Structure formats: structure tokens, C-alpha cells
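**Student:** structural data only, the sequence is not supplied:
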């Protein structure tokens, strides 16, 4: 009886002791998930069977539940960063959207005269400059304004011939002569007048000659248009020969601006693109007329020529101005340029998988405008990517990949999907053909390959002949991954042919009016600027 009482007391004491023990904290796990290993949160490749601090960085080791891989179900290279570490490292994410982008591209420009509005004053005879009038280089002159006075024997003879013809016509008409000779004399006077006009006699000079019937000993050289003198090559008593340029006058009511376009922005500078030229608070609407096909070897820029009206002659040759090129891009997937880790050969973004996990994703990019870059392959609208702090994730992903011996993804030669070679080989989904190992995402793809390997082997990027190389979107002309477009439902059948699209927007445009896009030459797309 006494032994029974002692046993009951011992059991009661043990139950009370266990009842009063505190519950395990967050660092411990229950008996259903025993801790067998610990790892460093900064360096996931370091794993220990004891708690404590990592010798490489001094961070406290985190427990890994026994029988569970913390990265199970995530793609190779995925990293886990707790929320507190994300805040310390400044990791921020943003949602990838599909939208059209527009804005302004700022360029530097220089004003030059319109070549079609340059008027050189060139001599058509030999002579001597007798007088030079006040207008100098840079002066504004009006059409018909005298610039200099010259003497030329040829000019004097031409005047005398015209005056003689006029006098003969007057005499015949006064004497009442026959109509035939009078008409002949009038034709002769008209020919003499054409000679004077071709010698650049001004209308005022010709009218004065008709009134006085006397030739000018000194003939005035006048401005051919309203504008500014940009060249003045005359001096008193200067002898000149045939085809000597005395003056050059520029009409600056309409000018050109040569803008420097960097190589990365060349696709935005297209003929007829709208722009705005700014100078000291004034704005002038402009439009690109042409783009030089050759790069400047020193500045590595293209010259885009803009045309614009110049009211009040505010813009003068060789002035520097600011040019805002209006850019409107087609709808597509874009990402912040800072979100892309560019190593030269490959471009990577980190996709937020949730619960602190981030996947390194290879992408392909197109144009870059401002702080945005076009993503042509690798991302879907609605995914979240890291836009700040991605270099921390990149370093951790590289170390983890190297420690785990993860290989770069391979292409399934049948369906074109990305495949982890290690997992595929472990699952028995690999085949040898002509000395090359091929990996498959599913047993069905492996069976198709083994049945006829020649059909699938040797294709571009290991894809089947039916899916060799990227397809061309018939709407925008962009390259499209066939497997990705098919998986996303972005294909259409027309006339027995399958067409692939880079976005749902392009597919809807094609489905509305397929004949509109099938008239284009193969591989051609719309111009989207």
C-alpha cells in the first residue's frame, strides 16, 4: 500500500513539473519536426549539426527541420532571405505590368542654316568692286537691298543693247511703221531684258534704265532675299572673275537643328518623329526630317536633323539648344533598369516567390528608355521582381549555386522547356545520342525523343525542328519563344498556319484583322515610334 502511494505521488510530481515548463520558442521545433541541422542565413551552403554562429560571417545559425529541405519545391539557385534581413539590405519589390510607355528623350542640338535657304551672290562676268556698302557679316538685310557697286564692261554692253532695243521700238511706233518690224523689235527688246535679268539686275535698276534710257556705269549688287549675311568676300577695288562668290545670304525664318543621338537611343530617332526645341525659356515645335546613317567617330553619336520655323529669327547659326524628342512605345512588359543584373553575357532579375524566397530568372531585353527596360522574354505580367537590393541576392544565389553544384538549365529538345539537368538525370529523364546528352522535362518527351532522335537532335537550342528558332510576331515584328507563347495561350491559327505572339495585345490585334498583318513581308513588323 505504501509503495502504491509513493508511485502516485511521483507521477503527480512529474506531471506538474512538465505542466509548468515553458513552451518551445521560435528557434525550437516540436517532436514532429526535430532539428538535426543548422545553417547560416547569409551563406546557405554552410550547414552544421550544432547551433551557434557561422565561422564565415558570425551570424547566428538557423535550425533546419529534420527530413525537410527548406528550398524544396523552388527552382535551382533560389535564395531565402528573412524579412528582417530584407529590411536591413533595402530589398524592395514591385509588380511587373504590361502597359504602353511614353515620354521625352532629352538631346543636345546645334542650330544650322537650312541648306535650301542659302543664297550665294555669284558673279557672272568679270569686273572690279568700286564700292562696298555698310551691311557686314551677321547683318540683317532685305530683298533688293544694295550690298556693293561694281564696274564691268560686259554689264555695260548688256545695258546698251537693251536701251537700243527700247529706243528702236519707240521710234517704229512713233512713225506708224508696219506691224511686222515692230513685233520683231519688241522680241529683240524682250531678249535683251532676259539677258539683264540673268545677270542679276534688280527690278528697280531695270525700271530706272527704262525711264532714263541711260546705262549704269556702276551696277549695284543686291541681296537676293530677306536674311542674314553669313559670308562677305568683297573689298574696294577688288578685281573679280567669273563665278566669284561675293556674298552669301541665309534665310533664317526656317532653320535646321542637328541633334546628337547616342547609340542606345538610335531606334527612337526616326523620320517624322515629333520633337520640341527649347532655348532660354522659348519652345519651338519641330520634326525629325532625316537621320545620318554614319556615326560620329569621336562622340559615337548619330546626327538627327530637325526642321522648324524660327519666328523673329531668335535662333541663330551655331547656337546650342535643348531638344526633347517625343517617344511613344508600344505596350509591353517593362522593368526598372536597376532591377536587371547585367553581367554582359546574361541578364538576370530576381522574382519574388513569397515567404522570403527569390528566384534568379534569366531574361532577354529590348529597348531601354530612361530608367525602364523592355523585357522580351522571361517575365509575365503580374509577377513581382526585386527592384532594389538585388546585388545581395545575386551574390547569395551565386554562392549557393556553386556550393550545390547546380548546372545551368538545359532545353528539352522535344518541347523546348527549361530543364534542370541534375533533377532530370536523377529521375532517369536523359538520353545519349551521337555523343551528346539530352535532358527532358517529362517521360513522354523522352519517349518521343528515343523513338526518333534524329527528328529532335541538332535543332537550334536543342528544340525540335517544328520549333527551331524563335517565331516572329506578325503584329509587332518581335521575336517570340514558341513554347512560351503556346504555354501562355498566345497563338492563333489562320490559313493552316500557326502564328505566335509576344503579348495578348498583339494576339487580339491579329485576331481582329489577320489579313492586315499577313500582307507584310516575312519578319516585318509595325514601326512603333
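**Tutor:** It's in. Everything numeric in this text was worked out from a predicted model, so none of it was measured. Numbers count the residues shown, from 1 in each chain.

**Student:** ok, and what's touching stretch 136-155?
**Tutor:** In this structure, residues lying in contact with stretch 136-155 by C-beta atoms under 8 Å, 6 or more residues apart in numbering are 121, 123, 125-133, 135, 199, 202-204, 216-232, 234, 240, 246-247, 249, 313. Backbone N, C-alpha and C define where each C-beta goes, glycine included.

**Student:** with stretch 284-297 instead?
**Tutor:** Applying C-beta under 8 Å, 6+ apart, the contact partners of stretch 284-297 are 256-257, 260-261, 263, 266, 269-278, 301-310, 315, 323, 325.

**Student:** one step back: mind listing which of the contacts of stretch 136-155 are in helices?
**Tutor:** Among the contacts of stretch 136-155, DSSP state H puts 203, 204 in helices.

**Student:** PyMOL command to pick out the buried ones of the contacts of stretch 136-155?
**Tutor:** Burial among these is assessed by 16 or more other C-beta atoms under 10 Å; the matching PyMOL selection reads:
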select buried, resi 121+123+125+127+129+131+132+135+199+202+216+218+219+220+221+222+223+224+226+227+228+229+230+232+234+240+246+247+249
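
**Student:** ranges for the helices of the stretch 351-500 of the chain?
**Tutor:** 390-404, 421-426, 443-451, 453-456, 482-487 (DSSP state H, counting those that start in this stretch).

**Student:** let me redo that: the stretch 201-350 of the chain
**Tutor:** Using DSSP H, counting those that start in this stretch, helices in the stretch 201-350 of the chain cover 203-212.

**Student:** mind showing which ranges of it have poor pLDDT?
**Tutor:** 344-345 (pLDDT under 70).

**Student:** repeat that for 80
**Tutor:** 264, 266-268, 328-332, 334-339, 341-346 (pLDDT under 80).

**Student:** show me where it has strands.
**Tutor:** Under the criterion DSSP state E, counting those that start in this stretch, strands of the stretch 201-350 of the chain are mapped to 219-222, 227-232, 239-240, 245-250, 254-262, 274-279, 282-291, 301-309, 320-336, 341-342, 347-354.

**Student:** please name whichever of the ones you listed is nearest to residue 105.
**Tutor:** Nearest to residue 105 among the strands of the stretch 201-350 of the chain is strand 320-336 (4.2 Å), distances taken as C-beta to C-beta.

**Student:** how about that closest one: buried residues?
**Tutor:** 321-325, 327, 329-336.

**Student:** identify the farthest-apart pair in those.
**Tutor:** Using C-beta to C-beta, the pair of those lying farthest apart is 321 and 333, separated by 35.2 Å.

**Student:** centre of the chain to the helix ranked longest in the chain, how far?
**Tutor:** The residue-count maximum for a helix in the chain (DSSP H) belongs to helix 153-175. Chain-centre distance of helix 153-175: 67 Å, with C-alpha atoms, centre = their mean, to the nearest Å.

**Student:** and what of stretch 444-463?
**Tutor:** Centre-to-centre, stretch 444-463 and its host chain are 38 Å apart (C-alpha atoms, centre = their mean).

**Student:** which parts of the stretch 1-150 of the chain are strands?
**Tutor:** Under DSSP E, counting those that start in this stretch, the stretch 1-150 of the chain gives strands at 35-39, 47-48, 62-65, 79-80, 92-95, 97-113, 118-122, 127-132, 140-141, 146-151.

**Student:** Throw these into a markdown table and include distance to residue 473, thanks.
**Tutor:** A markdown table is the format used below for the strands of the stretch 1-150 of the chain (distance: least, C-beta to C-beta, whole Å):
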| stretch | distance to residue 473 |
| --- | --- |
| strand 35-39 | 45 |
| strand 47-48 | 47 |
| strand 62-65 | 46 |
| strand 79-80 | 34 |
| strand 92-95 | 24 |
| strand 97-113 | 14 |
| strand 118-122 | 46 |
| strand 127-132 | 67 |
| strand 140-141 | 55 |
| strand 146-151 | 61 |
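
**Student:** with residue 343 as the reference, name the closest of those.
**Tutor:** Residue 343 lies closest to strand 79-80 among the strands of the stretch 1-150 of the chain, at 17.0 Å (C-beta to C-beta).

**Student:** on that earlier part again, list buried residues within the contacts of stretch 284-297.
**Tutor:** Buried members of the contacts of stretch 284-297, counted by 16+ other C-beta under 10 Å: 256-257, 260-261, 269, 273, 275-277, 301-306, 308, 310, 315, 323, 325.

**Student:** counting neighbours, what do you get for the nearest residue to residue 363 once chain neighbours are set aside?
**Tutor:** Spatial nearest neighbour of residue 363, chain neighbours left out: residue 378 (3.3 Å); criterion: C-beta to C-beta, 6 or more residues apart in numbering. Neighbours of residue 378 under the rule other C-beta atoms under 10 Å: 19.

**Student:** test my guess that residue 160 contacts residue 215.
**Tutor:** Yes - under the criterion of C-beta atoms under 8 Å, residue 160 is in contact with residue 215, at a separation of 5.6 Å.

**Student:** higher neighbour count, the two?
**Tutor:** residue 215 (16 against 13).

**Student:** related to what we said a few turns ago, can you list the strands of the stretch 201-350 of the chain in a markdown table and add distance to residue 424?
**Tutor:** Output for those, formatted as a markdown table (distance: least, C-beta to C-beta, whole Å):
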| stretch | distance to residue 424 |
| --- | --- |
| strand 219-222 | 87 |
| strand 227-232 | 73 |
| strand 239-240 | 87 |
| strand 245-250 | 72 |
| strand 254-262 | 44 |
| strand 274-279 | 53 |
| strand 282-291 | 49 |
| strand 301-309 | 47 |
| strand 320-336 | 29 |
| strand 341-342 | 26 |
| strand 347-354 | 21 |
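
**Student:** which stretch among those strands comes nearest residue 194?
**Tutor:** strand 219-222 (16.7 Å).
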